[in-house]
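[1] got a structure for you, letters missing:
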């Protein structure tokens with residue numbers, strides 16, 4: 001047999017005990033690290049660094065953001081604005097030859113009828129929803145936002161079936177939720193709709209967006225995704241079918257073009273965005289309002305049969 005001296009046995013026991021202690025301490029440190037969310041924060045820091053370091057600056061000349069900013073609120077009044085004002089903005093964008101208009105504004109509820117004094121001394125009854133619906137229909141290229149709450153039970157809405165996608169998607173890539181649709185008067189005026197639901201990380205930064213969701217048996221796309229599909233269809237013809245799982249989604253088009261979009265394990269797409277970089281042009285909605293307001297005043301004058 002193998003004989004060890006007392007000193008050797010003590011040394012071996014000490015090494016074993018030291019290894020055990022180190023293992024316990026490591027496990028406790030890792031548990032504490034995870035328990036306070038430091039592992040998640042480290043992942044965010046790493047992702048932000050990789051995005052800043054390896055993202056190639058890209059600026060699209062085809063996208064214009066119309067911002068509801070401080071200038072717009074100062075010139076056009078507090079939010080929410082009368083929907084007649086939004087209708088005027090859509091008309092102006094249409095006259096500027098916008099190929100597609102995405103409204104990242106939820107419109108689930110009706111605005112009350114307004115009564116406005118006329119120049120003639122009479123009172124005008126203003127149905128803002130009807131005015132906005134007519135503007136949307138005139139434009140013919142408006143994609144409207146709706147809410148899909150993933151924290152609520154799956155409830156399909158029959159009125160939204162026309163906006164669903166022809167797709168075969170693993171449930172992991174398109175989680176279920178409850179739809180809050182736009183008013184029927186708006187839904188009947190649009191050709192596309194997209195979900196505007198997003199969940200920022202705990203530090204307030206949105207690093208990933210849910211590309212799709214489902215309600216009932218229908219699959220719906222995110223608002224920006226639907227606008228991108230519309231743009232691709234102008235080049236490649238109608239989208240034929242879409243399929244995928246939690247790792248990717250593939251879009252097929254009429255001319256056999258395929259686009260593969262990588263997703264994470266929960267069906268979310270990474271937002272390849274670096275704070276501080278301008279990816280497209282911006283204009284204040286207040287600047288568009290500078291065109292809208294004189295038109296509304298001119299309409300009031302025409303109704304009063306006055307000449308300025």
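    Cool, the structure landed. Owing to the predicted nature of the structure, the values given are computational and were not obtained by experimental measurement.
[2] Centroid-nearest residue for the protein?
    With distances taken as C-alpha atoms, centre = their mean, residue 196 lies nearest the centre of the chain, 4.1 Å away.
[3] give the contact list for it.
    Applying C-beta atoms under 8 Å, 6 or more residues apart in numbering to residue 196 gives the contacts 104, 106, 145-147, 222-223. Glycine gets a C-beta too; all of them are placed from N, C-alpha and C.
[4] Likewise for residue 127?
    Contact partners of residue 127, counting by C-beta under 8 Å, 6+ apart, are residue 113.
[5] on that earlier part again, could I get the contacts of residue 196 as TSV with neighbour count, secondary structure and pLDDT?
    Shown next, in TSV, are the contacts of residue 196 (neighbours: other C-beta atoms under 10 Å; DSSP: H, G, I helix; E, B strand; the rest coil; pLDDT from 0 to 100):
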residue	neighbour count	secondary structure	pLDDT
104	15	strand	92
106	14	strand	94
145	20	strand	95
146	23	strand	93
147	16	strand	91
222	22	strand	93
223	23	helix	94
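[6] Of those residues, which pair is most distant in space?
    Distances among the contacts of residue 196 were taken as C-beta to C-beta; the most separated pair is 106 and 222, at 14.0 Å.
[7] Now do the strands in the stretch 151-300 of the chain.
    Counting by DSSP state E, counting those that start in this stretch, the stretch 151-300 of the chain has strands at residues 167-169, 178-180, 192-195, 208-210, 212-215, 218-221, 239-245, 248-253, 258-262, 268-270, 280-284.
[8] What distance do you get for residue 41 to residue 201?
    Relative to residue 201, residue 41 is positioned 9 Å away (C-beta to C-beta, to the nearest Å).
[9] what residues do the two have in common as contacts?
    Here residue 41 and residue 201 share no contacting residue, scored by C-beta under 8 Å, 6+ apart.
[10] still on that earlier bit, among the strands of the stretch 151-300 of the chain, which is nearest residue 51?
    Nearest to residue 51, of these and by C-beta to C-beta, is strand 268-270 at 8.2 Å.
[11] What strands flank the closest one, and is each parallel or antiparallel?
    strand 208-210 (antiparallel) (DSSP bridges).
[12] Other residues contacting the partner strand?
    When contacts are defined by C-beta under 8 Å, 6+ apart, strand 208-210 is touched by residues 150, 175, 195, 197-199, 222, 224, 264, 266-271.
[13] For ChimeraX, what selects the buried ones among those?
    The ChimeraX selection below is limited to those of these classed as buried (16 or more other C-beta atoms under 10 Å):
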select :175,195,197,222,224,267,268,269
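[14] who are the neighbours in contact with residue 132?
    With C-beta under 8 Å, 6+ apart, residue 132 has these contacts: 83-84, 86-87, 90, 107, 186.
[15] before we move on, the earlier item: ok, the contacts of residue 196 vs residue 117, which is closest?
    residue 106 (30.6 Å).
[16] so that closest one makes contact with residue 145?
    Yes. With contacts counted by C-beta atoms under 8 Å, residue 106 reaches residue 145, the gap being 5.7 Å.
[17] list residues touching both of those two?
    Common neighbours of residue 106 and residue 145 (C-beta under 8 Å, 6+ apart) are 182, 196.
[18] so what's residue 115 up against?
    For residue 115, the residues meeting the contact criterion (C-beta under 8 Å, 6+ apart) are 123-126.
[19] neighbour-wise, which of these leads?
    The most crowded member of the contacts of residue 115, judged by other C-beta atoms under 10 Å, is residue 126 (17 neighbours).
[20] what's the pLDDT at the closest residue in space to that one that isn't next to it in sequence?
    Residue nearest to residue 126 in three dimensions, not counting chain neighbours: residue 114, with 4.2 Å by C-beta to C-beta, 6 or more residues apart in numbering. Listed pLDDT for residue 114 reads 92.
[21] again with residue 31
    pLDDT, residue 31: 47.
[22] And for residue 18?
    In this model, residue 18 is scored at 53, pLDDT.
[23] Doesn't residue 105 lie inside a strand?
    Yes. Counting by DSSP: H, G, I helix; E, B strand; the rest coil, residue 105 is located in a strand.
[24] got the contact list for the spatially closest residue to it that is not a sequence neighbour?
    If the residues on either side of it in the chain are set aside, residue 105 comes closest to residue 145, at 6.3 Å by C-beta to C-beta, 6+ apart. Applying C-beta under 8 Å, 6+ apart to residue 145 gives the contacts 102-106, 182, 193-196, 223.
[25] just to revisit the earlier point, test my guess that the residue nearest to residue 126 contacts residue 83.
    No. At 9.9 Å, residue 114 does not count as touching residue 83 under the criterion of C-beta under 8 Å.
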